[in-house]
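Trainee: got a predicted structure here, sequence first:
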Amino acid sequence: MKKGIIYIMTSAVSGLIKIGQTNTESYKNRMRTLENNGYYNVVGLKQLFAIEVEDYEKKEKLLHEVFNKHRVGVSELFALDYEIIQQLLLSFEGKVMFPAELNNKEKEEVFEASVKLRTQGEKFSFYKKGLKDGDIIRFSKDSSKVATVVSERGVEFGGQIWKLSPLTRHLFSQANNLTKSGAYQGAAYFEFKGTILTKLSDQVVTKTPDYQF
């Protein structure tokens, strides 16, 4: 079976990713073209993850079918958290090409880190940490970067709604300082009133009973 590349790209629109494929020979040129010209009227495409696998066209088509309900029209754009697709691609037998070429041990470590961080992200709640909508949090690596809490797990930054892990990756990417895995526990990089979010104590969240008469 012929080998080729399946890749994930983030876009200028928070939560919108591109899942595509290309042959190995055209891979680097394809990435440059998409990053420079955009795709389907969406700009700001940045390579997030790429892996070389056998039977790549069939595997990419399967991904498109599985996540079809999240697809934008007939394009290769999907309204999905990139961690879901990255975990699936890491489970494939293949060679990671981006963000760095990884050996099998490193690939396994990145997969485990990605699963762990996604689980932590799903459990994190601003409300359980005592924050409320409208509260301001700051990026610990650059206090000029601030975001506003808008939901239990969402913040507004730069006019878009983000979850913390993708936003953290976005900020490190802007600073050209991504880790090899590109995976981050977002709550560990933001602070509220000088305290890192993960170090805040959980609060008891009470809910007013919905009485019906």
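Mentor: Structure's in. What do you need? Numbers count the residues shown, from 1 in each chain.
Trainee: list the contacts of the closest residue to residue 188 other than its chain neighbours.
Mentor: Once flanking residues are discounted, residue 188 sits nearest to residue 198: 5.0 Å by CB to CB, 6 or more residues apart in numbering. Glycine gets a C-beta too; all of them are placed from N, C-alpha and C. Residue 198 makes contact with 124, 185, 187-188, according to CB atoms under 8 Å, 6 or more residues apart in numbering.
Trainee: what about residue 83, which SS state?
Mentor: helix (DSSP: H, G, I helix; E, B strand; the rest coil).
Trainee: actually, residue 166.
Mentor: At residue 166 the chain is in helix, as set by three-state DSSP.
Trainee: from residue 173, how far out is the residue nearest to residue 188?
Mentor: 21 Å (CB to CB, to the nearest Å).
Trainee: next: residue 90.
Mentor: Residue 90 sits 19 Å away from residue 173, taking CB to CB as the criterion.
Trainee: counting neighbours, which of the contacts of residue 198 comes out on top?
Mentor: Neighbour count (other CB atoms under 10 Å) singles out residue 187 as the most crowded of those, with 24 neighbours.
Trainee: phi, psi of it?
Mentor: Phi and psi for residue 187, reported as degrees, to the nearest 10, are phi -70, psi -20.
Trainee: how about it, nearest residue that isn't a chain neighbour?
Mentor: Excluding its sequence neighbours, the residue lying closest to residue 187 (CB to CB, 6+ apart) is residue 197, at 4.1 Å.
Trainee: hmm, that neighbour is touching residue 185, no?
Mentor: No: using CB atoms under 8 Å, residue 197 makes no contact with residue 185, being 9.6 Å away.
Trainee: following the lowest-mean-pLDDT helix or strand in the chain, which helix or strand shows up next?
Mentor: In the chain, no helix or strand scores lower on mean pLDDT, DSSP states H and E than helix 104-123, which sits at a mean of 58. Sequence order places strand 136-139 as the next helix or strand after helix 104-123, per DSSP states H and E.
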